[in-house]
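A.B. asks: Show me the folded form of this:
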Amino acid sequence: MEFGALALIPPLVVISLGILIRRAFEPLLIGCLVGFLLIKPGAFPGNFVTALKETLQHADMVWVILVCGLYGSLIHLIIQSGGVFAFGEYVLRFVKNRRSALGVSWLLGIFIFIDDYMSALASGVTMRKITDNYRVSREMLAFIVNATAAPVCLLIPMSTWSIYAGKLMEDNKVVGVGQGFEAYLNTLPYMFYAWVIVGIALLVAMEKFPLFGKLKRAEIRAAETGVLAPPNSSYENPDEVPSSFKNAKPIHFFLPLIVLIAATLLLEKDALLGVLAGLVFTFVYYWLSGVMGFVKLSDGIFEGFKSMVFALAILTMSYVLKKVGDEMGLTPYVIESVKGILSKGLLPMVIFLALSFISYTTASSWGMYAVAIPIVVPLAQALGANVWLSLAAVISAGGFGSQASFYSDVTVLTATSTQCNNMELSFSALPYNLLALGIAALLFLGFGILS
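C.D. replies: Residues are numbered from 1 along each chain as shown. Next comes the predicted model:
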């Protein structure tokens, strides 16, 4: 059965509800339900339940659940070890001025490339005490932390973001099974938004880029009055370190990450094997060295896994929505509709700007990827456009939304770790985010025309 324009209804429901209620999971769920109701009203809701069961039983979905969940476990253990606090104490001995304090904040964000949640939490908590010594506004610290969270995850092919995007490329037959890592590498040169915003953040940290707008006013306020946090920010004593972290050491922070990276590279770049090895090592290392007791470590694994449940729920619904699109013929319909309108040169820029708007307004990145990639890949192929450039436009758009949206999960986590009002953080950084967006859009246009 051909659904034609009706195939647009489920994704439009997702986008509209995302903008309206500013949530990610509920719009995806409702979009899926609407889709299966349209497909076969008489079989509803049984057809939805069947699709959900098939999705959860699929080997690829099981792999993603295990990887993301175990990453959550490892991240939780590392944070609970107190190593990030110990690292902050250690770095404080070498930081001599505000420029070096912000420079170290930027470098720490680069180093913690594994996951944007971990980067936002660990960098903010670690560097807050250090930057406070030099009257750096919380908005400034939060901007640096946020600019090196999701964007850096896009630039390193061993992060939770790259693993997920690579898996989607495999699922959509861009490459064969097991080649997601190599596929993601092909998009890296075109990840323009991430390259630009990370570069701008470095220039701002080094005081080589002009300050303007709310960020400039925040820095003046901090320098002249000593008030570091904007109004309505939670504020705690930055010198207070939890008693359980008194014996923590910087190596408790670094060593598990180094083992994780090395294990992933040595074990055929398999993220699941790598995180399993890293988690086992961290558990044994923390237990034998007395960092945490056996019971606390065991409980921590489950707590960390549990912290990823919401993200995995979004991921599951996005896979189900893809099934809806496949059954309703969404991809063929979109391709035939826009073939005569878009040229291959314009496609990457249009993709980037349109999806950036959607990601910003819905605060959805991973869910948006699952909806967009199945449409963009065949569309790019049909128009003769550069597929890797078009995929990079999709992935870059998600990075913009995650970093710029004032209610995205990473923005909220950054605001929490830096003790900065999330609205003030978002609007202080927005001019820089929009500048990076504009530069990236021009690059997508230029490369789209030349490729």
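
A.B. asks: Not counting residues beside it along the chain, what's closest to residue 257?
C.D. replies: residue 114 (6.9 Å; CB to CB, 6 or more residues apart in numbering). Placement of C-beta: from N, CA and C, glycine included.

A.B. asks: Now do the SS call for the one you found.
C.D. replies: Secondary structure state of residue 114, per DSSP: H, G, I helix; E, B strand; the rest coil, is coil.

A.B. asks: what's the burial count for it?
C.D. replies: For residue 114, the count of nearby residues is 26 (other CB atoms under 10 Å).

A.B. asks: out of all of them, which helix in this protein is the longest?
C.D. replies: When the chain is parsed with DSSP state H, its longest helix is helix 422-450.

A.B. asks: Show me how far that one is from its chain's centre.
C.D. replies: Put simply, helix 422-450 sits 16 Å off its chain's centre (CA atoms, centre = their mean, to the nearest Å).

A.B. asks: Which secondary structure elements does the helix or strand that contains residue 19 sit against?
C.D. replies: Element membership of residue 19 [criterion: DSSP states H and E] is helix 9-21. Here helix 9-21 touches helix 25-39, helix 309-328, helix 347-362, helix 366-383, going by 3 or more CB pairs under 8 Å, 6 or more residues apart in numbering; DSSP states H and E.

A.B. asks: Compare the ones you listed and give me the one nearest residue 198.
C.D. replies: helix 347-362 (16.6 Å; CB to CB).

A.B. asks: so residue 80 touches residue 300, yeah?
C.D. replies: Yes - Residue 80 is within contact range of residue 300, at 5.6 Å (criterion: CB atoms under 8 Å).

A.B. asks: okay, the angle between the helix or strand hosting residue 411 and helix 309-328?
C.D. replies: Assigned by DSSP H and E, residue 411 falls within helix 409-418. Counting by axes from the mean of the first three to the mean of the last three CA atoms, to 10 degrees, helix 409-418 lies at 170 degrees to helix 309-328.

A.B. asks: Secondary structure class of residue 231, three-state.
C.D. replies: Under the three-state scheme (three-state DSSP), residue 231 adopts coil.

A.B. asks: and the closest residue to it other than its chain neighbours, how many neighbours?
C.D. replies: Spatial nearest neighbour of residue 231, excluding adjacent residues (CB to CB, 6+ apart): residue 421 at 6.7 Å. The number of residues packed near residue 421 is 21, by other CB under 10 Å.

A.B. asks: try residue 446
C.D. replies: With neighbours defined by other CB under 10 Å, the count for residue 446 comes to 14.

A.B. asks: and the longest helix of the chain, what other elements does it pack with?
C.D. replies: helix 138-147, helix 192-205, helix 213-225, helix 347-362, helix 387-404, helix 409-418.

A.B. asks: Show me which residues of it are buried.
C.D. replies: Residues of helix 422-450 classed as buried by neighbour count (16 or more other CB atoms under 10 Å): 422, 424-430, 432-433, 436-437, 439-441, 443-445, 447-448.

A.B. asks: so residue 178 is in which element?
C.D. replies: Here residue 178, judged by DSSP H and E, is contained in no helix and no strand.

A.B. asks: Please apply the same query to residue 341.
C.D. replies: Element membership of residue 341, judged by DSSP H and E, is empty: it is in no helix or strand.

A.B. asks: rewinding a little: out of the helices and strands packed on helix 422-450, flag the one nearest residue 184.
C.D. replies: Set against residue 184 and scored by CB to CB, these come closest in helix 387-404, at 8.6 Å.

A.B. asks: Give the buried residues for that closest one.
C.D. replies: Neighbour-count burial for helix 387-404, with 16+ other CB under 10 Å as criterion, is recorded at 387-404.

A.B. asks: Same check on stretch 201-208?
C.D. replies: By neighbour count with 16+ other CB under 10 Å, stretch 201-208 contains the buried residues 201-202, 204-205.

A.B. asks: contacts for stretch 31-45?
C.D. replies: By CB atoms under 8 Å, 6 or more residues apart in numbering, the surrounding residues in contact with stretch 31-45 are 3, 6, 9-11, 13-14, 17, 47-48, 51, 317, 320-321, 324-325, 327-328.

A.B. asks: what about that stretch, how long is it end to end?
C.D. replies: Its start and end residues considered, stretch 31-45 measures 13 Å (CA to CA, to the nearest Å).

A.B. asks: one step back: can you work out which residues contact both of residue 80 and residue 300?
C.D. replies: Common contacts of residue 80 and residue 300, defined by CB under 8 Å, 6+ apart, comprise residue 292.

A.B. asks: Was I right to think residue 126 contacts residue 82?
C.D. replies: No - the criterion here is CB under 8 Å, and residue 126 misses it with residue 82 at 10.8 Å.

A.B. asks: quick one: which of the two has more around it?
C.D. replies: Higher neighbour count among residue 126 and residue 82: residue 126, with 25 against 22, using other CB under 10 Å.

A.B. asks: Report the spatially nearest residue to the more buried one, omitting neighbours in sequence.
C.D. replies: Nearest residue to residue 126, sequence neighbours excluded (CB to CB, 6+ apart): residue 88, at 4.2 Å.
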